[in-house]
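Asker: Have a look; sequence and predicted model below, questions after that.
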Amino acid sequence: LQVPCALSQPVATSESKRFTNKHSKKALKASLTLGILLGMFFVAWLPFFVTNVTQAVCSCVPAGFFDVLTWLGYCNSTMNPIIYPLFMRDFKRAMGKFLPCCRHSGEPHPSAISLSMRNSNSGARAATSLKNVL
């Protein structure tokens with residue numbers, strides 16, 4: 001007894017293939033970034049925590065070695081601000097808006113007033129949102 005095969009999915013167009021390919025590249029890059037960050041975290045902090053537990057059980061870990069492992073973890077925390085801009089374009093854009101050293105010469109400098117207005121609920125948006133609430 002054979003059941004005839006029906007086409008359940010339409011034939012993929014070149015645009016849908018392009019979208020799938022672009023989406024899979026983004027997912028691959030995101031997983032690579034996450035893998036690097038987690039890998040560095042475990043390499044830096046796992047020895048510290050294992051040594052910390054060992055020290056609690058047998059008190060046989062030299063203080064100098066424990067200090068070195070602590071500073072290894074601190075170095076990992078120092079590396080995060082370097083790793084994020086290398087791998088995340090959105091992070092680079094956000095930092096470029098607020099840090100003068102990262103801003104392009106043609107971009108306008110945001111003033112303190114414009115930043116506070118943007119972050120507050122004042123202005124026309126507040127009136128419309130208050131009107132919608134009432």
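Answerer: Happy to help now that I have it. Numbers count the residues shown, from 1 in each chain.
Asker: Tell me which helix or strand comes right after the longest helix seen in the chain.
Answerer: In the chain, taking DSSP state H as the definition, the longest helix is helix 14-58. Going down the chain from helix 14-58, the next helix or strand is helix 63-87, by DSSP states H and E.
Asker: List the buried residues in that next one.
Answerer: Within helix 63-87, the residues that count as buried by 16 or more other C-beta atoms under 10 Å are Leu69, Gly73, Asn76, Tyr84. The C-beta positions use only the backbone N, C-alpha and C, and glycine is treated the same way.
Asker: mind putting those residues in JSON lines, pLDDT and distance to Ala30 included?
Answerer: As requested, those are exported to JSON lines (pLDDT from 0 to 100; distance: C-beta to C-beta, whole Å):
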{"residue": "Leu69", "pLDDT": "93", "distance to Ala30": "30"}
{"residue": "Gly73", "pLDDT": "90", "distance to Ala30": "25"}
{"residue": "Asn76", "pLDDT": "88", "distance to Ala30": "20"}
{"residue": "Tyr84", "pLDDT": "76", "distance to Ala30": "13"}
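Asker: circling back: now the longest helix of the chain against helix 63-87, angle please.
Answerer: Between helix 14-58 and helix 63-87, the angle comes out at 170 degrees (axes from the mean of the first three to the mean of the last three C-alpha atoms, to 10 degrees).
Asker: Which neighbouring elements make contact with helix 14-58?
Answerer: Contact analysis of helix 14-58 by 3 or more C-beta pairs under 8 Å, 6 or more residues apart in numbering; DSSP states H and E lists helix 63-87 as its packing neighbours.
Asker: Output the following helix or strand past the helix it packs on as PDB, nothing but the C-alphas.
Answerer: Sequence-wise, the next helix or strand downstream of helix 63-87 (DSSP H and E) is helix 89-98. C-alpha atoms of helix 89-98 as PDB (Å, rounded to 0.1, in the frame of the first residue of the first chain):
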ATOM      1  CA  ARG A  89      27.800  45.600  15.300                       C
ATOM      2  CA  ASP A  90      24.800  46.900  17.300                       C
ATOM      3  CA  PHE A  91      27.100  47.400  20.300                       C
ATOM      4  CA  LYS A  92      29.600  49.300  18.200                       C
ATOM      5  CA  ARG A  93      26.800  51.600  16.900                       C
ATOM      6  CA  ALA A  94      25.500  52.300  20.400                       C
ATOM      7  CA  MET A  95      28.900  53.100  21.700                       C
ATOM      8  CA  GLY A  96      29.700  55.300  18.700                       C
ATOM      9  CA  LYS A  97      26.700  57.400  19.500                       C
ATOM     10  CA  PHE A  98      27.800  58.200  23.100                       C
END
